[in-house]
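Asks: Give me a 3D structure for the following:
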Amino acid sequence: MRHLLLSLLLLSSLAHAELPETDWLDLMPAEDRQALEDMPEISHDSPEGDSAFYGADGLRQQDKDLPAVMYSAKTVAALDGKAIRLGGYPVPLESDEKGNSTLFFLVPYPGACIHVPPPPPNQLVLVRYPKGIPLENIYAPLWVSGELKVETISNELADAAYAMDAGEVRLVTDEDL
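Replies: Okay, here's the model as predicted:
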C-alpha cells in the first residue's frame with residue numbers, strides 16, 4: 001500500500017510539473033535569428049496609430065525600410081507537434097460570455113501588435129484556450145503550455161506562423177522570477 005501511495009504521489013507531482021521554458025528565438029530558423037541579431041534597434045515608443053504600419057487594413061502594412069526578417073514566416077519543423085511552455089504577452093482576439101479570453105496571440109514583448117512594428121509571423125503564436133482566462137492587463141506576462149503546431153494564421157491584426165491548443169494558461173507570478 002505504501003508503494004502505491006508513493007507512486008501516486010510521484011505521478012501527481014509529475015502531472016503538475018511544468019514543461020521547460022522554450023525561448024522565442026527557438027521558434028526562428030538559424031538564418032532568421034542571425035538576421036535579427038544583425039538588425040538595428042527598432043523603437044517601440046511611438047504612439048498608437050502614429051505610424052506607417054496603420055493602413056486601411058490594420059497593422060499588416062509593411063515598411064520598405066525594415067529587413068525581410070521582420071516579415072518572416074519561416075518556421076522550425078522540429079517544433080511541430082512538440083509540447084512546449086512559452087512565456088509572453090497576450091493580444092486578445094476573442095472572449096467567452098464571461099469575458100475570459102479564449103483566443104489570443106501570444107507575443108514576445110508587451111504591446112506587440114498594438115505598438116509598431118508587429119513581430120514577424122514566426123514570433124507570433126495564436127493560442128486557442130477554450131477554458132478562457134481573464135486578461136485584465138495585456139502587459140502582464142503569461143505562461144502558456146500546450147502542443148505547438150506549424151500553422152499559418154492571418155487576420156486583420158497580424159499574421160502568425162504558429163498556433164497552440166493550450167492545455168494551461170496562467171499569469172507569471174513572483175515565484176516564477
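Asks: Got phi/psi on P120?
Replies: phi -60, psi 160 (degrees, to the nearest 10).
Asks: So M164 is in contact with V150, correct?
Replies: No: taking contacts as CB atoms under 8 Å, M164 lies outside contact range of V150: 10.8 Å. Placement of C-beta: from N, CA and C, glycine included.
Asks: Neighbour count for those two, which is higher?
Replies: Neighbours per residue, other CB atoms under 10 Å: of M164 and V150, the larger number sits with M164, 22 against 17.
Asks: Just give the nearest non-adjacent residue to that one, would you?
Replies: In space, and not counting its chain neighbours, M164 is closest to G146: 4.5 Å by CB to CB, 6 or more residues apart in numbering.
Asks: In three-state terms, label that neighbour for me.
Replies: strand (DSSP: H, G, I helix; E, B strand; the rest coil).
Asks: right, and it touches Y162 too?
Replies: No: if you go by CB under 8 Å, G146 and Y162 don't touch, sitting 11.0 Å apart.
Asks: So for those two, which sits in the more crowded spot?
Replies: Between G146 and Y162, Y162 has the larger neighbour count (other CB under 10 Å), namely 26 against 21.
Asks: The more buried one contacts E151, correct?
Replies: Yes: Y162 lies in contact with E151 (CB under 8 Å); the separation is 6.4 Å.
Asks: Find residues that contact each of those two.
Replies: L126 (CB atoms under 8 Å, 6 or more residues apart in numbering).
Asks: Let me see the contact set for K82.
Replies: Contact analysis of K82 by CB under 8 Å, 6+ apart lists E147, L148.
Asks: Now do it against T75, distance only.
Replies: Remark: distance between K82 and T75 (CB to CB, to the nearest Å) = 12 Å.
Asks: Run through the strands of the chain in chain order.
Replies: Ranges of strands within the chain are 21-22, 83-95, 101-107, 125-133, 142-154, 159-171, based on DSSP state E.
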